[in-house]
Structures are given as structure tokens and as C-alpha cells.
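With the sequence up front, the predicted model follows.
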Amino acid sequence: MHAIIGEVLRPLDNERSSMIVKACSGPRYVVGCRSKVDKVKLTTGTQVVLDMITLTIMQALPREVDSVVYN
């Protein structure tokens, strides 16, 4: 599966069916979300995996935790 990593900038509606996402390569897209993704987790700053062809959010990525800071 080919994918793009992006960051949620903001939802476009209350149901979070559409979002503005900034891709790691720079451009911003209005994207939809796969039905199996928990939309409650898609808040501003959440990193997500986008399908390269459809630009659909396929999954939310966990936050990276620095063990030196949180040890």
C-alpha cells in the first residue's frame, strides 16, 4: 500500500466527515475519512495515514513519545 503521512489541521464539519490535512510534502488537501477510523481521535495536530490515490484518511497514528522526557 502506498501512503502519505499528513497532519490534521482542522475538521470542516461537526461530524468530522471532511478534514483539512497538510501532507508531509507540503500541500494541503480536503479529505474524507475511512468509516473504520475513530473520528473522535482526529483532532488538530493528529498525524494520519492518507491513501496515495484517493487521499482518504486510512488511520490515525499514535503520538511519538520521547522516553528521555517522559521517563
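Yes, it's here. Quick caveat, the model's predicted, so the values are computed rather than measured.

Every contact and neighbour count from this point should use C-alpha atoms.
Will do.

Any regions of the protein where pLDDT drops low?
Screening the chain residue by residue with the criterion pLDDT under 70, one finds the ranges 1, 65-71.

Just the buried positions in stretch 8-20, please.
By neighbour count with 16 or more other CA atoms under 10 Å, stretch 8-20 contains the buried residues 8-11, 18-20.

With secondary structure and distance to Val30 as added columns, please give the residues you listed in a markdown table.
Rendered in a markdown table, the data for the buried residues of stretch 8-20 read as follows (DSSP: H, G, I helix; E, B strand; the rest coil; distance: CA to CA, whole Å):
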| residue | secondary structure | distance to Val30 |
| --- | --- | --- |
| Val8 | strand | 10 |
| Leu9 | strand | 10 |
| Arg10 | strand | 10 |
| Pro11 | strand | 9 |
| Ser18 | strand | 7 |
| Met19 | strand | 6 |
| Ile20 | strand | 5 |
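
So what pairs up with the spatially most central residue of the chain in the strands?
Residue closest to the mean C-alpha point of the chain, counted by CA atoms, centre = their mean, is Val48 at 2.8 Å. Beta-bridge partners of Val48, counted by DSSP bridges, are Gly6, Ala60.

Asp38: neighbouring residues, count only.
Applying the criterion other CA atoms under 10 Å, we find 11 residues in the vicinity of Asp38.

ugh, wrong one, Met52
By other CA under 10 Å, neighbour count at Met52 equals 13.

Which residue, other than its chain neighbours, is closest to it?
Ala3 (4.8 Å; CA to CA, 6 or more residues apart in numbering).

Please tell me how far the one you found sits from Pro27.
The span separating Ala3 from Pro27 equals 15 Å under the rule CA to CA, to the nearest Å.

neighbour count winner among these two?
Under the neighbour definition other CA under 10 Å, Ala3 and Pro27 were set side by side, and Ala3 has more, 16 against 9.

ok, that one to Asn14 distance?
Relative to Asn14, Ala3 is positioned 26 Å away (CA to CA).

all strands of this protein, in order?
Listed in chain order, the strands found in the chain under DSSP state E are 3-11, 18-23, 28-32, 47-51, 57-60.

Generate TSV for these, with distance to Val40 as supplementary columns.
As requested, the strands of the chain are exported to TSV (distance: least, CA to CA, whole Å):
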stretch	distance to Val40
strand 3-11	11
strand 18-23	12
strand 28-32	14
strand 47-51	13
strand 57-60	10
